[in-house]
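Peer 1: The sequence isn't on hand, but the structure is:
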């Protein structure tokens, strides 16, 4: 068994997150982490809110808040939303902690000592109306390489090349549309070109990655060049150098270091400050990074370059920093984009479904199911209310929910408990085998990040159980109670297995099924929100964490005689009018 790091992309704290965000980083990472824990691995799932940079200042200004007040507000919103979705973080923290500041500065100092930080005069994009620096991503224009009209100031999403805002043709600010001014200013740069060989060799060793991630990353290696890691900002992690008081670390640099700082914070809170090392330095460690495709380059090239530089493994050599040698990602698991009713999500244009709004009207597992079975795993996928309604009513309610409801109802009505089975027939043995055999298949698919196929296999078992129940027709066996007992026991045993097979995807309803079958205690552990003190003297803040004890990934035999009561439906059937109502909301 391994120590498995689930490093989940950090949602930006300049507003609430929408369902497109959690389809990329949230649900897939939780499904993977829940399964890996059940399979016996020691999982550390970490992330937090990304809280620095100019966009935070812009949002704060719009709301009449200080940057700290703004991130406090949206940190709380995001924590509550991810909690409601049941995302089982060991620690979901934030980047405005003393611990994070110290870890960022440690990595910077070691990179500098090893020669990978260079000081250069650069042309910085400045907002004429505010005098503030503009983040590269907030400057758009025409790509000078391929001619794409909506290239960002950090890279072109069309050709994948790294850019600087000054390179763009006809650059405009995404914030207010004005043409930025460019002024000379001194900044620190990470010399990415010094890692081209090491990164290329490392990428050549990667097996099993999604082809688009690996191909995209390899295509960019030869074009790497020094990239600025500081900006003229008022809000961010301070730079530990004299004369740099008016500058801060660029938000992309401090955010990727969050995976390490969150691991260290978790260890400090666990009572063993060195515990994080098992996920970063142990011989059995594996690290999986989850994000949307717009963040591939930061996780497949830039973060590995930082780690290589800290370890002293780039062209300039060096030695590991005070934390010791740090491990590279095992895999970068990138999802594609989720669109909505044929359009890209856009908060500014009101083309959006915020997680909180969604969960006020629909079950968390209904959203989790849609993302698992129809989400943007390897291709852009469109969320439509018609398809959501169909998946909910035809698959969750009529398929899985109906199997549970009618089986438990008949057993409770006729026996008042899990019935004692008689001799099993070939049909009984066959359906039980289908459920048992699914554990290996579904587990392997989840482990290899093929979650659509995995939940498809689990739902195939549900379909087989429904077919078995219809074929055996226990409601017609009132004159043969022994056979009725056997059929219902077999159906309930398969349901018990399906409960486990589906629990990484549908933890809330799996817990309900556990209780309906007479199970006691927690079957599908959930995160909790805890308000904790900053370990280094800052203000208290909420985190997501949990005391997780997961059941084994295996068929568990039901005990005959356990009392059963008439069930309540585990899923809500939606009225077709939901589609018109939601489209009307979208139209304004």
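Peer 2: Cool, the structure landed. Predicted, not measured: the structure shown is a model, and the values here were computed from it.
Peer 1: Please count neighbours and contacts with C-alpha atoms only from this point.
Peer 2: Will do.
Peer 1: Look up phi and psi at the residue of the chain most remote from its centre.
Peer 2: Relative to the centre of the chain, the most outlying C-alpha is that of residue 479, 52.5 Å out, by CA atoms, centre = their mean. When read as degrees, to the nearest 10, the backbone of residue 479 gives phi -90, psi 0.
Peer 1: Just want to check the distance between it and residue 384.
Peer 2: 48 Å (CA to CA, to the nearest Å).
Peer 1: do residue 134 as well
Peer 2: Applying CA to CA, the value for residue 134 to residue 384 is 35 Å.
Peer 1: Which of those two has more residues huddled nearby?
Peer 2: residue 134 (26 against 16; other CA atoms under 10 Å).
Peer 1: you'd agree that one is up against residue 128?
Peer 2: No: the pair residue 134 / residue 128 is not scored as a contact, 10.0 Å apart, by CA atoms under 8 Å.
Peer 1: just the strands in the stretch 51-200 of the chain please.
Peer 2: Counting by DSSP state E, counting those that start in this stretch, residue ranges of the strands within the stretch 51-200 of the chain are 91-94, 117-126, 139-142, 151-152, 169-173, 181-190.
Peer 1: And the ones you listed: which comes nearest residue 391?
Peer 2: Residue 391 sits nearest to strand 91-94 of all those, at 30.5 Å, using CA to CA.
Peer 1: What ranges does the stretch 251-400 of the chain have for its helices?
Peer 2: Under the criterion DSSP state H, counting those that start in this stretch, the stretch 251-400 of the chain carries helices at the ranges 251-256, 258-270, 277-280, 296-297, 303-311, 355-361, 364-374, 385-390.
Peer 1: Out of these, which is the most enclosed?
Peer 2: Ranked by mean neighbour count, those are led by helix 303-311 with a mean of 25 (mean count of other CA atoms under 10 Å).
Peer 1: Show me how far stretch 428-435 is from its chain's centre.
Peer 2: In terms of CA atoms, centre = their mean, to the nearest Å, the centre of stretch 428-435 is found 34 Å from the chain centre.
Peer 1: List the buried residues for that stretch?
Peer 2: Within stretch 428-435, the residues that count as buried by 16 or more other CA atoms under 10 Å are 428, 431-432, 434-435.
Peer 1: Which residues does it contact?
Peer 2: 461, 464-465, 468, 487, 490, 493-494, 497-498, 555 (CA atoms under 8 Å, 6 or more residues apart in numbering).
Peer 1: could these be laid out in CSV, adding secondary structure?
Peer 2: CSV is the format used below for the contacts of stretch 428-435 (DSSP: H, G, I helix; E, B strand; the rest coil):
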residue, secondary structure
461, helix
464, helix
465, helix
468, helix
487, helix
490, helix
493, helix
494, helix
497, helix
498, helix
555, coil
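Peer 1: of all the residues you listed, which comes closest to residue 76?
Peer 2: Closest to residue 76, out of all of those and judged by CA to CA, is residue 498, at 34.5 Å.
Peer 1: Is that closest one in contact with residue 457, as I believe?
Peer 2: No: counting by CA under 8 Å, residue 498 stays clear of residue 457, with 10.3 Å between them.
Peer 1: With neighbour numbers in mind, choose between those two.
Peer 2: Neighbours around residue 498 and residue 457, counted as other CA under 10 Å, are more numerous at residue 498. The numbers are 26 against 20.
Peer 1: what's the average pLDDT for stretch 568-588?
Peer 2: Averaging pLDDT along stretch 568-588 yields 93.
Peer 1: nope, stretch 358-372 is what I meant
Peer 2: pLDDT averaged over stretch 358-372 gives 97.
Peer 1: how far does that stretch stretch from start to finish?
Peer 2: Note: stretch 358-372 ends 16 Å apart using CA to CA.
Peer 1: for stretch 12-21, same thing?
Peer 2: Taking CA to CA, the first and last residues of stretch 12-21 lie 10 Å apart.
Peer 1: which residues are in contact with it?
Peer 2: With CA under 8 Å, 6+ apart, stretch 12-21 has contacts from 11, 49-51, 55-56, 59, 70-71, 74-75, 77-78, 292, 337-339, 345, 352-355.
Peer 1: check contacts around residue 522.
Peer 2: residue 511.
Peer 1: oh, I was asking about residue 514
Peer 2: By CA under 8 Å, 6+ apart, the neighbours of residue 514 are 496, 499, 520, 523.
Peer 1: Name all residues that make contact with residue 376.
Peer 2: 23-24, 335-338.
Peer 1: hmm, try it at 6 Å
Peer 2: If you count contacts by CA atoms under 6 Å, 6 or more residues apart in numbering, residue 376 has them with 335-338.
Peer 1: Please apply the same query to residue 218.
Peer 2: So residue 218 contacts nothing (CA under 6 Å, 6+ apart).
Peer 1: secondary structure element for it?
Peer 2: Assigned by DSSP states H and E, residue 218 belongs to helix 211-221.
Peer 1: So which bits of that helix are buried?
Peer 2: Using 16+ other CA under 10 Å as the test for burial, helix 211-221 gives 213-214, 217-218, 220-221.
Peer 1: What subset of the contacts of residue 514 is buried?
Peer 2: By neighbour count, with 16+ other CA under 10 Å, these hold 496, 499, 523 as buried.
Peer 1: just the residues you listed now: which is nearest residue 107?
Peer 2: residue 523 (40.1 Å).
Peer 1: Please determine how far the closest one is located from residue 499.
Peer 2: 10 Å.
Peer 1: And residue 328, by the same measure?
Peer 2: Applying CA to CA, the value for residue 328 to residue 499 is 35 Å.
Peer 1: With residue 156 instead?
Peer 2: In terms of CA to CA, residue 156 sits 44 Å off from residue 499.
Peer 1: do the same with residue 459
Peer 2: 11 Å.
Peer 1: Let's see the pLDDT reported for residue 455.
Peer 2: 98.
Peer 1: Is it part of a helix or strand, or is it coil?
Peer 2: Per three-state DSSP, residue 455 ends up helix.
Peer 1: roughly how far apart are the closest residue to it other than its chain neighbours and residue 37?
Peer 2: Spatially, and ignoring its direct neighbours in sequence, residue 455 is nearest to residue 373 (6.5 Å; CA to CA, 6 or more residues apart in numbering). In this view, residue 373 and residue 37 are 21 Å apart by CA to CA.
Peer 1: Residue 149 now?
Peer 2: Separation of residue 149 from residue 37 (CA to CA) stands at 45 Å.
Peer 1: So for these two, which sits in the more crowded spot?
Peer 2: residue 37 (21 against 16).
Peer 1: With adjacent residues omitted, what lies nearest to the more buried one?
Peer 2: residue 43 (6.0 Å).
Peer 1: Tell me which other helices or strands the helix or strand hosting the one you found touches.
Peer 2: Assigned by DSSP H and E, residue 43 belongs to strand 42-49. On a contact count with 3 or more CA pairs under 6 Å, 6 or more residues apart in numbering; DSSP states H and E, strand 42-49 meets strand 3-8, strand 91-94.
Peer 1: In TSV: those, plus distance to residue 402 and mean neighbour count.
Peer 2: Listed next are the helices and strands packed on strand 42-49 as TSV, based on distance: least, CA to CA, whole Å; neighbours: other CA atoms under 10 Å:
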stretch	distance to residue 402	mean neighbour count
strand 3-8	34	24
strand 91-94	36	26
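Peer 1: Thanks again, I'm all set now.
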